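After the sequence you'll find the predicted model.
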Amino acid sequence: MKKTIANTTIEIIRGDIASQPDMQAIVNAANAHLLNGGGVAGAIHRAAGPGLEKECKPMGPIRPGEAVISGGHNLPNKYVIHCLGPVYGQDKPEDKLLADCYRNALLLADKKEIESIAFPAISTGIFGYPAEDAAHVALKTIIDTIPNLTNIRTIRVVLFGQDDFEIWKKALAG
């Protein structure tokens, strides 16, 4: 599923965030200390190799909504942008912090002259953010941020499961 706004295309696909060779940057749904973990962070760290954790360690801890950038190491991507999403029911206000993740990652990527970026569904795993609500917050933020971008031409959201894929497709369709 695709939608083009201005000169930027938003894509929703089903796949593995750590296997997006045509993207300059991927986004890690990171933990505060930017270390290896479960879910998306674990998949990205396993694919990138131990150099990623070594590079990231001095950058942590980060707060919910913040984004930092590292190299891609053994990934096919030049960069990894690490965002700490909110824990649903704990980090308040959840919607603002989740929006900050997407906005800050996009602005950081654009500043680095990155043209393509892939996101996972931030905070919807172990952090418990309801998938439909997260999709709406994320897509509204992405769409609202596009007019402020000068370099990014492709924004991809990569969903691992079929249910999440269907939720995000429906949200993008409006």
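The structure has been received and is ready for your questions.

Residue 137 contacts residue 93, doesn't it?
No - Residue 137 is beyond contact range of residue 93, at 10.7 Å (criterion: Cβ atoms under 8 Å). From N, CA and C alone the C-beta is placed, and that goes for glycine too.

what's the closest non-adjacent residue to residue 101?
residue 83 (4.1 Å; Cβ to Cβ, 6 or more residues apart in numbering).

For the one you found, give me its contacts.
Each residue near residue 83 by Cβ atoms under 8 Å, 6 or more residues apart in numbering is listed here: 27, 28, 29, 30, 65, 66, 67, 101, 102, 104, 105, 122.

what's the helix or strand where the first one lies packed up against?
In the assignment (DSSP states H and E), residue 27 maps to strand 25-29. The elements that strand 25-29 packs onto, with contact taken as 3 or more Cβ pairs under 8 Å, 6 or more residues apart in numbering; DSSP states H and E, are helix 39-48, strand 79-83, strand 116-119.

Please give me every residue in contact with the most centrally placed residue in the chain.
Nearest residue to the geometric centre of the chain (Cα atoms, centre = their mean): residue 119, 3.2 Å. Shown in contact with residue 119 (Cβ under 8 Å, 6+ apart): 17, 26, 27, 102, 105, 138, 155, 156, 157, 158.

try residue 75
18, 26, 44, 47, 48, 52.

how far away is it from residue 104?
Relative to residue 104, residue 75 is positioned 21 Å away (Cβ to Cβ, to the nearest Å).

can you check residue 160 too?
For residue 160, the distance to residue 104 - Cβ to Cβ - is 23 Å.

Can you point out the buried residues in stretch 136-155?
The neighbour-count check on stretch 136-155 (16 or more other Cβ atoms under 10 Å) flags 136-139, 141-143, 145-146, 149, 152, 154-155 as buried.
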